[in-house]
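>>> Kindly return the folded structure for what I paste below:
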Amino acid sequence: MSTTPVMSQTPAAPEESPRTGFGEIVSDYLARLRGGDVGSLPAILGLILLVIVFSALRPSTFTNSFNFANLIGQSAGVTVLAMGLVFVLLLGEIDLGAGFTGGTAAAVLAVVMTNHGWPLIPGLLAALVVGAVIGWFIGTLVARLGIPSFVVTLATYLGLQGVLLKIIGEGGTIALNNSFVIKLNNGNLPVWLGWVLAIALIAVYGGVSFMTNMRRRGRGLTTEPMLLWAIKTGALAVITIAVVWYLSTERSKHPTVVSLKGVPVSLLVLIGLLIVLSFSLSRTSWGRHVYAVGGNAEAARRAGINVARIRLSCFILSSTIAAIAGIMIASRTNSVNPQTGGSTTLLYAVGAAVIGGTSLFGGKGRIIDALIGGTVVAIIDNGMGLLNESQGTVWIVTGIVLLVAASVDAISRRRAAKAGA
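Below is the predicted model:
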């Protein structure tokens, strides 16, 4: 009599419960920190510490809305320049000529609009084209000929200084008389428009991130817990509402003569660039290729990525954004001179990107790093000025902060490598 063997069935492994609780989210984040993924946390902690220190030392001047709005305008040009440099730093490269790229583009804008009467749009396009052409020139020498970016951009740093002098003339200044350009870094939005844009920003961020999570969940992909989504959206809402409310208060000493209230236009420019550039890095295949090339160029090449094209595109984009930074700097001073984009502009921009969390070794960084780091640099400069400290002291403190940020980057990379091993 034959017996049919009974097939033993291995019980299915129970599904792992998603880590959605607050404690689990915190423990996961702490695990990433221990693994070397610190991101912008050191810069954020430093930013909070600086605000507390300067608020305690100068409570009547540092924390008022006038100084807050003024700080945004002071830092806008450097922060925009740092946003462009993020793309180059992600490749492990450098652009020493970015500051004078912005200055040259601003000089072209001033010449064609002030001296030749060009309309606004053609003038702005001419400045952006100048930035793009300079980026193409640098990128071609670096990506196609293999010349180190340090050498190429040092040459452009020197050469563009000469070009700027030729355009403007030694000791010369070209005034900007277009109201739109001047308001880019000096004007304010109507109060009602600031609130409309704030609500739109919160709604769009919350809606887009929620729908992205739902699509990924529907495809069986990993998603962030809904509690984490709620925390991020809530934090954005609180910060946005607080900033808009503070900037909507009257900050003029003589409101009956001139009223100063509303969100600065420069902040709108910064947020707009942050959204567009962050999308290009995090939501496109091109952005993923940038990270791949910065992480390991040879592995990216073997994966079929056109490494030279990625490098060229990053230098073009960086220099085009530098042109926007040059326009913002010129708008702040209502003019262009031989030092526009020079002096410490580039050093502060590189420092802003690195302090914010962008790695000098390539492959790690976000556009928001430039915004956070730019705010840190601006607060140091602004707060030390309110304390009547000398410029030498400001540079010393900024240098120490930059050195600490670079050290944190090196340590976190070492810990990440050990964790990966």
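>>> these two touch, right, residue 358 and residue 90?
Yes. Residue 358 is in contact with residue 90 according to Cβ atoms under 8 Å; the separation is 7.2 Å. Quick note: C-beta positions are derived from backbone N, CA and C, even for glycine.
>>> list the residues that contact both of these two?
Common contacts of residue 358 and residue 90 (Cβ atoms under 8 Å, 6 or more residues apart in numbering): 364-365.
>>> all strands for this protein, in order.
174-175, 335-336 (DSSP state E).
>>> so which of these gets nearest residue 139?
strand 335-336 (25.3 Å; Cβ to Cβ).
>>> Show me what the closest one is in contact with.
103, 106-107, 109-110, 168, 173-176, 330.
>>> avg pLDDT for stretch 252-272?
The pLDDT scores in stretch 252-272 average 87.
>>> First-to-last residue distance for it?
Terminal residues of stretch 252-272 lie 27 Å apart, using Cα to Cα, to the nearest Å.
>>> for that stretch, which positions count as buried?
For stretch 252-272, burial by neighbour count (16 or more other Cβ atoms under 10 Å) applies to 260-271.
>>> Can you tell me how far the residue lying closest to residue 101 once chain neighbours are set aside is from residue 96?
In this structure, residue 101 finds its nearest non-sequential neighbour in residue 322, 4.3 Å apart by Cβ to Cβ, 6 or more residues apart in numbering. Per Cβ to Cβ, to the nearest Å, residue 322 is found 12 Å from residue 96.
>>> In terms of neighbours, single out the busier of those two.
Higher neighbour count among residue 322 and residue 96: residue 322, with 34 against 20, using other Cβ atoms under 10 Å.
>>> what's the single longest helix in the chain?
Determined from DSSP state H, the single longest helix within the chain is helix 391-420.
>>> Can you name every helix or strand that it contacts?
When contacts are defined as 3 or more Cβ pairs under 8 Å, 6 or more residues apart in numbering; DSSP states H and E, helix 391-420 packs onto helix 41-57, helix 345-356, helix 367-386.
>>> redo that, cut-off 10 Å
On a contact count with 3 or more Cβ pairs under 10 Å, 6 or more residues apart in numbering; DSSP states H and E, helix 391-420 meets helix 22-34, helix 41-57, helix 345-356, helix 367-386.
>>> pLDDT of that helix, averaged?
pLDDT averaged over helix 391-420 gives 79.
>>> Now do the buried residues in it.
Buried, per 16+ other Cβ under 10 Å, within helix 391-420: 394-395, 397-398, 401-402, 405, 408-409, 412-413, 415-416.
>>> can you tell me which residues contact the residue sitting nearest the centre point of the chain?
For the chain, the residue sitting closest to the mean C-alpha position, by Cα atoms, centre = their mean, is residue 370 at 3.1 Å. Neighbouring residues of residue 370 by Cβ atoms under 10 Å, 6 or more residues apart in numbering: 78-86, 89, 270, 273-274, 277, 321, 349, 352-358.
>>> mind running it again at 6 Å?
82-83, 86, 352-353, 356 (Cβ atoms under 6 Å, 6 or more residues apart in numbering).
>>> got it, and residue 249?
Counting by Cβ under 6 Å, 6+ apart, residue 249 makes contact with residue 65.
>>> Show the pLDDT at it.
Per-residue pLDDT puts residue 249 at 90.
>>> count of residues packed around residue 203?
Around residue 203 there are 12 residues (other Cβ under 10 Å).
>>> same question for stretch 68-78, mean pLDDT?
On average, stretch 68-78 scores 91.
>>> Ok, stretch 212-222 next?
84.
>>> Likewise for stretch 335-342?
On average, stretch 335-342 scores 89.
>>> can you give me how far that stretch is from the chain middle?
22 Å (Cα atoms, centre = their mean, to the nearest Å).
>>> where exactly do the helices run in the stretch 101-250 of the chain?
120-139, 149-168, 179-184, 191-218, 226-247 (DSSP state H, counting those that start in this stretch).
>>> most neighbours per residue, which of those helices?
Highest mean neighbour count among the helices of the stretch 101-250 of the chain (mean count of other Cβ atoms under 10 Å): helix 120-139, with a mean of 20.
>>> Any idea how far it is from the middle of the chain?
20 Å.
>>> Show residues contacting that helix.
Counting by Cβ under 6 Å, 6+ apart, 101, 105, 108-109, 112-113, 152, 178, 180, 312, 315-316, 319-320, 322-323 sit against helix 120-139.
>>> Dump it to PDB, restricted to CA.
Extracted in PDB, the C-alpha atoms of helix 120-139 (Å, rounded to 0.1, in the frame of the first residue of the first chain):
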ATOM      1  CA  LEU A 120      14.800  94.200 -19.600                       C
ATOM      2  CA  ILE A 121      14.300  90.700 -21.100                       C
ATOM      3  CA  PRO A 122      17.000  90.900 -23.800                       C
ATOM      4  CA  GLY A 123      19.400  92.400 -21.200                       C
ATOM      5  CA  LEU A 124      18.800  89.600 -18.700                       C
ATOM      6  CA  LEU A 125      19.100  87.000 -21.400                       C
ATOM      7  CA  ALA A 126      22.400  88.500 -22.500                       C
ATOM      8  CA  ALA A 127      23.800  88.200 -18.900                       C
ATOM      9  CA  LEU A 128      22.600  84.600 -18.700                       C
ATOM     10  CA  VAL A 129      24.200  83.700 -22.000                       C
ATOM     11  CA  VAL A 130      27.500  85.200 -20.900                       C
ATOM     12  CA  GLY A 131      27.400  83.000 -17.800                       C
ATOM     13  CA  ALA A 132      26.500  79.900 -19.900                       C
ATOM     14  CA  VAL A 133      29.300  80.600 -22.400                       C
ATOM     15  CA  ILE A 134      31.900  81.000 -19.700                       C
ATOM     16  CA  GLY A 135      30.600  77.700 -18.100                       C
ATOM     17  CA  TRP A 136      30.800  76.000 -21.500                       C
ATOM     18  CA  PHE A 137      34.400  77.200 -21.900                       C
ATOM     19  CA  ILE A 138      35.500  75.900 -18.500                       C
ATOM     20  CA  GLY A 139      33.600  72.700 -18.800                       C
END
